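Student: just need the structure, nothing else, for what follows:
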Amino acid sequence: MRRAGTAAAVAAAAVMLLALGPNADGARAAAKPTNLQLVAGARVGVLNLLDAEVTQFHASRRIQDSFLKTYVVAWPVNGMLLDALRERLTQLGLAAVAIAAPEAIRHAREACLLNASLEKGLPKSCGPLFAQVAAAEHVDALIVLGPGLNDSAHADGTRRRELPEYLRGWCFVSEEGSAVPALLNLSELLLIGVSASGADMAARAWGGDEQQPWTGFKAPADLKDMSAQQLAELQPLYAFMLKQQAGSLLVHLQVTH
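Tutor: Numbers count the residues shown, from 1 in each chain. Sure, this is the predicted structure:
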C-alpha cells in the first residue's frame, strides 16, 4: 500500500467524531473558475490518472479495531471517465478523445495533482507537460481525472476533519455501530485549455463535496476482508458519483458555432 498513514494516525483519527458531515477548515480564497470557449467540432482529450483501487477506512472507538486497507479493483476507470463525459460533450458538439497517460505525466502526477494547491491553478512546471500531450494527440482541451487528498489544499472548507488527511482517491468509510459504509470520491477533475503558449486550468471539480451510502451493502463476516463480488458492487456507485462530478465541471465549457 502506498499510503503515508501510520497506525498512530489511524488511531488518532478513529477516536474523533465519527459523523461524516463536512466541517469548516478555515476560509481560503479559491481561484474563480473561468469558462473555456471551444469551437464546435473541437477535440477534447480525456485523460485518467486515477488508479483502479478503493481504500477502506474503518473507524472504531477501540483503537486496536481501527484499520486502513486499500483494494486493487478490476474496474475500467478510463472507460468510466469517458462514459461520464461523452454524452454531454456530444450534446455540445465536441469530440471526446480517450488518451493514454504518457510516462512523463504519470511521473508528474504527485506534483501536478496530488500535492498541488489546485485552487491556485496548475503548478508552473505542469502546464508544458499537458500542452505536450495535447499537441501530440491533436486535441484542443484536456479533461484530467486524478487523486486528491482529504486536506485543505484540495477540499478547502469541505475537508472531513474527522478523517485522516492522507485519504485519497475513491474511499469508503465503515464505522463502529453503523451498518452502511459511506462512499467518498476524493478526486480532482480538471478542465485544461491549451493554446500555442501552453496549457492552463480553466476549472476544477472536487469530488469530495458529496458522499453517498453503499446501497445494498451486506456486511461480511470479517470487515477487513471484502470480497471481489462486494467490491464489484461499488463500481456503478462510483460511476454515478463521477458523472455528477463531470456535470459540475462541464458547466464551465462553452461552445461557439
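Student: what sits against the spatially closest residue to Q212 that is not a sequence neighbour?
Tutor: Leaving aside its chain neighbours, Q212 sits nearest to L183 (5.3 Å; criterion: Cβ to Cβ, 6 or more residues apart in numbering). (Each C-beta comes from the backbone N, C-alpha and C, glycine too.) Contact analysis of L183 by Cβ atoms under 8 Å, 6 or more residues apart in numbering lists 170-172, 211-214, 234, 237-238, 241.
Student: quick check: bridge partners of L183?
Tutor: F172, Q212 (DSSP bridges).
Student: for Q254, same thing?
Tutor: Here Q254, judged by DSSP bridges, has bridge partners Q37.
Student: quickly note the distance from G247 to N185.
Tutor: 13 Å (Cβ to Cβ, to the nearest Å).
Student: more neighbours, these two?
Tutor: The neighbour count for G247 versus N185, taken as other Cβ atoms under 10 Å, is higher for N185 (24 against 14).
Student: so how far is the strand or helix carrying that one from its chain's centroid?
Tutor: Using DSSP states H and E, N185 maps to strand 182-195. Its chain's average C-alpha position is 5 Å from that of strand 182-195, according to Cα atoms, centre = their mean, to the nearest Å.
Student: which residue packs closest to the residue most central in space within the chain, ignoring adjacent ones?
Tutor: By Cα atoms, centre = their mean, the chain has its centre lying nearest to S187, at 1.3 Å. Excluding the flanking residues, the one nearest S187 by Cβ to Cβ, 6+ apart is G207, at 4.6 Å.
Student: quick check: A199 touching K124?
Tutor: No - using Cβ atoms under 8 Å, A199 and K124 do not qualify as a contacting pair, with a distance of 10.9 Å.
Student: neighbour count winner among those two?
Tutor: The neighbour comparison of A199 against K124 (other Cβ under 10 Å) goes to A199, with 22 against 8.
Student: just the buried residues of stretch 151-169, please?
Tutor: Buried residues in stretch 151-169, defined by neighbour count with 16 or more other Cβ atoms under 10 Å: 151-156, 158-160, 162-169.
Student: over to stretch 53-64?
Tutor: Those buried within stretch 53-64 under the rule 16+ other Cβ under 10 Å are 53-60.
Student: one more: stretch 196-216?
Tutor: 198-208, 211, 214.
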